[in-house]
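> Provided below for reference: sequence and predicted model.
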Protein chains: 2
Amino acid sequence: MFQALADSTRRAILVRLCEGPASVSELARPFAMSLPAIVQHLQVLEASGLIRSEKIGRVRSCSIVPSAVRLAEAWLRSRRTAQESRLDRLESFLDSPDPPTTPRSTP
Amino acid sequence: MFQALADSTRRAILVRLCEGPASVSELARPFAMSLPAIVQHLQVLEASGLIRSEKIGRVRSCSIVPSAVRLAEAWLRSRRTAQESRLDRLESFLDSPDPPTTPRSTP
DNA sequence: TGAATACTTAAGCATGTGCTTAACAATCAG
DNA sequence: CTGATTGTTAAGCACATGCTTAAGTATTCA
């Protein structure tokens, strides 16, 4: 999933899809890149679960999967909060003027 | 940055660093991988801004940069909320029983 | 000083990734 | 049916990535 997010073209496609579903050629339009290249990016995005797509007639409509984005977000948040709560514990330890567990007195 | 997050070894290193700073060989210990390989991963992580490191004597101490993690998180959140607010607007549009801007009557 | 520790640098290699072109479906419009 | 539109498949190529080993450098300790 982070692998899928690692490419700037794919991120740009995601940004576009935030505005609503789009077809393959619609997604390809802004890029100076062949259509098969875009299709490959879409395959990576779909394999990662970040988007889904459905083919109706000859046009494939792609849309974002918010729950997948939320998943990546949650991973990062849990890393960050783990780190921050560690800092908080350290801070409160350093701030505590006279911890009862420490026999030494503050000079 | 997402590029740096794309590798599972690097993500595992980040998870480890959430528990506090660590030296290079300390970070390398859990992995069945040569030390230079780990150093390369650390270079990628540091170049992306996700970690920083400082060499004291002969040991390099690495630690996480929470603000960078927050940045990646914010990117994902803004994508997700953009998408969700779009859905909300659609929903409220569909729910509105009689929009005053629409001249047609509901049959 | 001399050996052990803790990295660092450099070179090389296998595999993965992002792109291309060319050729092939499949569907819709006239 | 014809031909334009929309996408798909396949092959191939250049470069990036993740690893390795071998040979350094710097720092600490006995």
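Alright, I've got the coordinates. Numbering: from 1, shown residues only, chains lettered A, B, ... in the order given.
> can we go C-alpha only for contacts and neighbour counts from here?
OK.
> and chain A, which of its residues are near DNA strand C?
Proximity of chain A to DNA strand C (Cα under 7 Å from any atom of the strand) is limited to residues A:3, A:6-7, A:9, A:32-38, A:40-41, A:56-58.
> I'd like to know which of these are buried.
Using 16 or more other Cα atoms under 10 Å in any protein chain shown as the burial test, the residues of chain A next to DNA strand C include A:3, A:6, A:38, A:41 as buried.
> A:Leu27 touches A:Ile13, doesn't it?
Yes - using Cα atoms under 8 Å, A:Leu27 is in contact with A:Ile13, at 6.6 Å.
> Next, show the common contact partners of these two.
Residues touching both A:Leu27 and A:Ile13 (Cα atoms under 8 Å, 6 or more residues apart in numbering or on different chains): none.
> The residues of chain A next to DNA strand C in strands, which ones?
Secondary structure from DSSP state E places A:Ile56 of these in strands.
> which of the residues of chain A next to DNA strand C lies closest to A:Ser67?
Distance to A:Ser67 across the residues of chain A next to DNA strand C (Cα to Cα) is lowest for A:Gln3, with 17.1 Å.
> Quick check: the gap between A:Glu46 and DNA strand D.
Remark: distance between A:Glu46 and DNA strand D (Cα to the nearest atom of the strand, to the nearest Å) = 11 Å.
> need the contact list for that residue.
A:52-53.
> pLDDT score for the residue nearest the centre of chain A?
Among the residues of chain A, the one closest to the centroid is A:Ala72, at 4.3 Å (Cα atoms, centre = their mean). You'll see A:Ala72 listed with a pLDDT of 95.
> residues in contact with it?
The contact partners of A:Ala72, by Cα under 8 Å, 6+ apart, come to A:1-2, B:76.
> A:Phe2 now?
A:Phe2 neighbours (Cα under 8 Å, 6+ apart): A:72, B:2-3, B:5-7.
> Narrow these to those in helices?
Secondary structure from DSSP state H places A:72, B:2-3, B:5 of the contacts of A:Phe2 in helices.
> about what we covered before: filter the contacts of A:Phe2 down to the ones close to DNA strand D.
B:3, B:6-7.
> of those residues, closest to DNA strand D?
Of all these, DNA strand D sits closest to B:Asp7, with 4.8 Å by Cα to the nearest atom of the strand.
> How about the closest one, nearest residue that isn't a chain neighbour?
Closest residue to B:Asp7 apart from its sequence neighbours, by Cα to Cα, 6 or more residues apart in numbering or on different chains: A:Gln3 at 7.2 Å.
> Can you tell me the SS state at A:Glu63?
Careful, residue A:63 is Ser; it's not Glu. Assigned with DSSP: H, G, I helix; E, B strand; the rest coil, A:Ser63 falls in the strand class.
> list the contacts for it?
Going by Cα under 8 Å, 6+ apart, the list of residues near A:Ser63 reads A:17, A:20-22, A:51-53.
> Which residue lies closest in space to it, excluding its sequence neighbours?
Using Cα to Cα, 6+ apart and skipping residues adjacent in sequence, the residue nearest A:Ser63 is A:Pro21, 4.5 Å away.
> Pretty sure the one you found sits against A:Ile64.
Yes - contact criterion Cα under 8 Å: A:Pro21 and A:Ile64 qualify, at 7.4 Å.
> Which one of those two is surrounded by more residues?
Legend: neighbour count by other Cα atoms under 10 Å in any protein chain shown for A:Pro21 and A:Ile64, higher for A:Ile64 (27 against 18).
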